[in-house]
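Chemist: Sequence first, then the predicted structure, then my questions.
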Amino acid sequence: MSKTVRAPLDPQQIATLRAGDSVLLSGTIYTGRDAAHKRLCALVEAGKPLPFDVKNQVIYYAGPCPAKPGDPIGSCGPTTSYRMDAYASTLCDLGLIGMIGKGQRSAQVIDAIRRNGGVYFAATGGAGALIAGSVKSARIIAFDDLGTEAIRELEVENLPLIVAIDAHGGNLYEEGPLRYRQEDNR
């Protein structure tokens, strides 16, 4: 059974999630890949405002394909998350508490997730067309020159995700294989 979560995220609700939980996410989220993250962190270093308030927000590591006529977005699959690891801690320390991507995160990012009461959700790689069906609207809000890597504000409804790393440091990438091996030895 999936838990329903709304973005911007409620830190108290995020604290109840555990690695392995299935989640349906609805609300406003933002896309951003490595080029956009680099620019966001450069703005932070320069003391300039970010193009959106990251407090309690979710960044989806995706570079959506162009939309077909009548659709809000094209295929919108997750990008490998480790490419954002150099920037994620800075944004988490500013209040970002949700990230969506695929793949394991560095120890530094896991520490930032735990320290800030955040969560890292995994989206299913290879399911970009399916994920696009959860996007109800999309608009570019920053770094238009980056094309598909521009930051977009998305309105999503029932975006299917798995809690990969929870606010307590639970890590599905470590716990899942361990559980599998334990069950296999029974």
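Modeler: Received it, and whenever you're ready, just let me know what you need. Numbers count the residues shown, from 1 in each chain.
Chemist: ok, and residue 139, which helix or strand is that part of?
Modeler: Assigned by DSSP states H and E, residue 139 belongs to strand 135-142.
Chemist: Could you give the average pLDDT over that strand?
Modeler: Strand 135-142 shows a mean pLDDT of 96.
Chemist: cool, stretch 173-186 as well?
Modeler: Across stretch 173-186, pLDDT averages out at 72.
Chemist: Going forward, count from 840.
Modeler: From this message on, residue numbering opens at 840, which makes the last subject stretch 1012-1025.
Chemist: Show me where the protein has its helices.
Modeler: Assigned by DSSP state H, the chain shows helices spanning 850-853, 873-884, 924-932, 946-954, 967-971, 1011-1023.
Chemist: Next, the angle helix 873-884 makes with the strand holding residue 978.
Modeler: If you take axes from the mean of the first three to the mean of the last three C-alpha atoms, to 10 degrees, strand 974-981 sits at 50 degrees to helix 873-884.
Chemist: Relative to strand 974-981, what are the paired strands and their orientations?
Modeler: Here strand 974-981 is paired, per DSSP bridges, with strand 990-1004 (antiparallel).
Chemist: need the helix or strand of the protein with the lowest average pLDDT.
Modeler: One helix or strand of the chain scores below all others by mean pLDDT, DSSP states H and E: helix 1011-1023, with a mean of 75.
Chemist: For the residue nearest in space to the middle of the chain, list each beta-bridge partner.
Modeler: In the chain, the residue lying closest to the centroid (C-alpha atoms, centre = their mean) is residue 939, at 2.0 Å. Beta-bridge partners of residue 939, counted by DSSP bridges, are residue 899, residue 960.
Chemist: ok, back up a step: now distance to residue 996 and mean neighbour count too, for the helices of the chain, in TSV please.
Modeler: Placement of C-beta: from N, CA and C, glycine included. As requested, these are exported to TSV (distance: least, C-beta to C-beta, whole Å; neighbours: other C-beta atoms under 10 Å):
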stretch	distance to residue 996	mean neighbour count
helix 850-853	18	14
helix 873-884	24	17
helix 924-932	25	20
helix 946-954	25	18
helix 967-971	12	18
helix 1011-1023	24	12
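Chemist: quick one, which of those is nearest to residue 999?
Modeler: Across the helices of the chain, residue 999 has its closest neighbour in helix 967-971 (7.9 Å, C-beta to C-beta).
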